[in-house]
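> Need coordinates for the following:
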Amino acid sequence: MEIVGIDVGFGFTKAYNGRNSVIFKSLIGDATDIQFRSILGDDASTSNLHITLEDKSYFLGSYAELQSNIREYTLDQEKLLEDFVKILAIAAAGLCTDTSEPINVISGLPVGYLKRDSKKFKEIIQGVHEITFHNKDGKDVTKRININKIHIIPQPIGSIFNLIFDDQGKIKDRGLATQKLGIVDIGFKTTDFSIFDHLQYIERGSCTMDTGISKCFSVIANKLRQESNITIELYRMFNFLESGMIKIRGKEYNISNLKKRVYNHAASAIASDLNRMWENDWDIDSIILSGGGSVELSEYLNPNIDGNVIPIGKNIDARFNNVQGYCKFGRYKWGYSKYISDSIEEPKANEEKSKEAALDKKDEAPNDQDDDAATAEKSSKGLSWLRRQS
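Okay, here's the model as predicted:
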């Protein structure tokens, strides 16, 4: 059984199965006839993403941005579920895995939407889906995506799982697993504040706020519109903000200083909300910054946060923190199938059943002989609330 982590965000869609990782903008466009195809350009699997799903064809991600006449993205949670999730999630799964066998999926939702939208999310993507990928060489590849089980967890806890689990789904950092942790997950539209104590979710210290990086993009785009009379779509801002320069109608605009002021203001607002919300949680051991927006805002956030902030690694893409954690947790929850080279070796049925029964009965994380028994018990209890969910 292959396990895939899928994260459909407002800014980017990500998938990860332990071997392959996929990321593309959460942008859908109409499929148009391309009269000429250059042999030059980006050869990445997501650079020419043209699919057919349920008899409808779409361009996705950067390909939609470049080629589609009608391009759609959303910052509305209801619309994301109704019109985007199935297309983006199935495309991501199809790019990530080559198996036609049933797969299990772990995904996450912002804590503010978890209770309301989990059932709907499952209903939308569960089952068998046939998707065709139209490659630029003219060869079509049709895949059968069979999503067997889906488990939805609070989005930010994926970042914790990415730190505490190894690739086999075993707890490698028991010290972190038994701490009281605060997570600040800054996405495109939302920022999630969450507290986990010995991996137990703490409701009163957790919420979702509309303070994602898109608000910064909006402020900068509005300023540019005033200067140039051109409205810039938010999904086109990523590269410009990274370079600090944008050219409009042949005129260059240096937005580096504006970006710094806007980012500093956003970081101050997020830190103020965090410090106020966690005022009584002074016993938090560590605070984890995660999400794509955290990379942009971390240098402005860190000085304003009261507490021990775990720094973001310079050589990692923080946008993958949650989805990698989803996959690792899936391997913990359902058992790890050993992957050798390009093939997947399925465990024997009786071994799988006995392992699952033992986990359900004891709800214990894997133990090393030298681990402290009390530490193991605490981490087990923290994860039990997650394992009980279907």
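> any low-confidence regions in the stretch 251-390 of the chain?
The stretch 251-390 of the chain contains residues with pLDDT under 70 at 314, 337-390.
> Please enumerate the strands of it.
251-254, 286-290, 309-310, 339-340, 343-344 (DSSP state E, counting those that start in this stretch).
> report the longest helix in the protein, please.
helix 256-277 (DSSP state H).
> My guess is Thr190 contacts Met209. True?
Yes: if you go by C-beta atoms under 8 Å, Thr190 and Met209 touch, sitting 6.6 Å apart. Where you see a C-beta, it was placed from the backbone N, CA and C, and this is true even at glycine.
> More neighbours: which of those two?
Thr190 (26 against 17; other C-beta atoms under 10 Å).
> Which residues are in contact with that one?
Residues in contact with Thr190 (C-beta atoms under 8 Å, 6 or more residues apart in numbering) are Phe10, Pro110, Gly112, Thr208, Met209, Asp210, Thr211, Gly212.
> quick one: which of these sit in strands?
Among those, the members found in strands (DSSP state E) are Thr208, Met209.
> Select from the contacts of Thr190 the one having the most neighbours.
With neighbours taken as other C-beta under 10 Å, the top of those is Gly212, carrying 27 neighbours.
> next one: phi and psi at it?
When quoted as degrees, to the nearest 10, the phi and psi of Gly212 stand at phi -80, psi 180.
> Compute the distance between it and Gly187, please.
5 Å (C-beta to C-beta, to the nearest Å).
> next one: His50
Counting by C-beta to C-beta - His50 and Gly187 are separated by 27 Å.
> again with Tyr201
As for Tyr201, its distance to Gly187 is 19 Å (criterion: C-beta to C-beta).
> When the two are compared, which one has more neighbours?
Between Tyr201 and Gly187, counted using other C-beta under 10 Å, the more crowded position is Gly187 (27 against 19).
> Please list all residues in contact with that one.
Gly9, Phe10, Gly11, Pro110, Gly212, Ile213, Gly291, Gly292, Gly293.
> out of these, who's nearest Ala177?
For the contacts of Gly187, the residue nearest Ala177 by C-beta to C-beta is Gly291; the value is 21.1 Å.
> was I right about the closest one contacting Phe193?
No: judged on C-beta under 8 Å, Gly291 makes no contact with Phe193 at a distance of 11.7 Å.
> More neighbours: which of these two?
With neighbours defined as other C-beta under 10 Å, Gly291 and Phe193 compare such that Gly291 has more, 30 against 23.
> how much space between the more buried one and Thr142?
Where Thr142 is concerned, Gly291 sits at a distance of 34 Å (C-beta to C-beta).
> Tell me how far Asp166 lies from Tyr332.
As judged by C-beta to C-beta, Asp166 and Tyr332 stand 10 Å apart.
> got any residues that touch both of Gly212 and Gly187?
Phe10, Gly11, Gly293.
> Can you verify my assumption that the second one contacts Phe217?
Put plainly, it is Gly11. No: between Gly11 and Phe217 there is no contact under C-beta under 8 Å: 9.5 Å.
> Contact partners for Gly112?
Taking C-beta under 8 Å, 6+ apart, one finds Thr190, Asp192, Cys207, Thr208 in contact with Gly112.
> Try it again at 10 Å.
Gln77, Pro154, Gln155, Thr190, Asp192, Phe193, Ser206, Cys207, Thr208, Met209, Asp210 (C-beta atoms under 10 Å, 6 or more residues apart in numbering).
> Name the SS class of Arg144, please.
Put simply, Arg144 is strand when judged by DSSP: H, G, I helix; E, B strand; the rest coil.
> Could you report the pLDDT at it?
Note for Arg144: predicted pLDDT of 96.
> How much space separates it from Leu297?
Per C-beta to C-beta, Arg144 is found 41 Å from Leu297.
> on that earlier part again, mutual contacts of Gly291 and Phe193, please.
Pro156, Ile183, Val184, Asp185.
> if we can go back for a sec, between Asp166 and Tyr332, point out the one with more neighbours.
Per other C-beta under 10 Å, whichever of Asp166 and Tyr332 has more neighbours is Tyr332, with 24 against 14.
> hmm, back to that, shared neighbours of Thr190 and Met209, which are they?
In terms of C-beta under 10 Å, 6+ apart, Thr190 and Met209 are both contacted by the residues Pro110, Gly112.
> List the contacts of the one helix or strand Lys79 maps to.
Element membership of Lys79, judged by DSSP states H and E, is helix 77-79. Applying C-beta under 10 Å, 6+ apart, the contact partners of helix 77-79 are 10, 72-73, 85, 109-110, 112-113, 116-117, 120, 189-190, 208.
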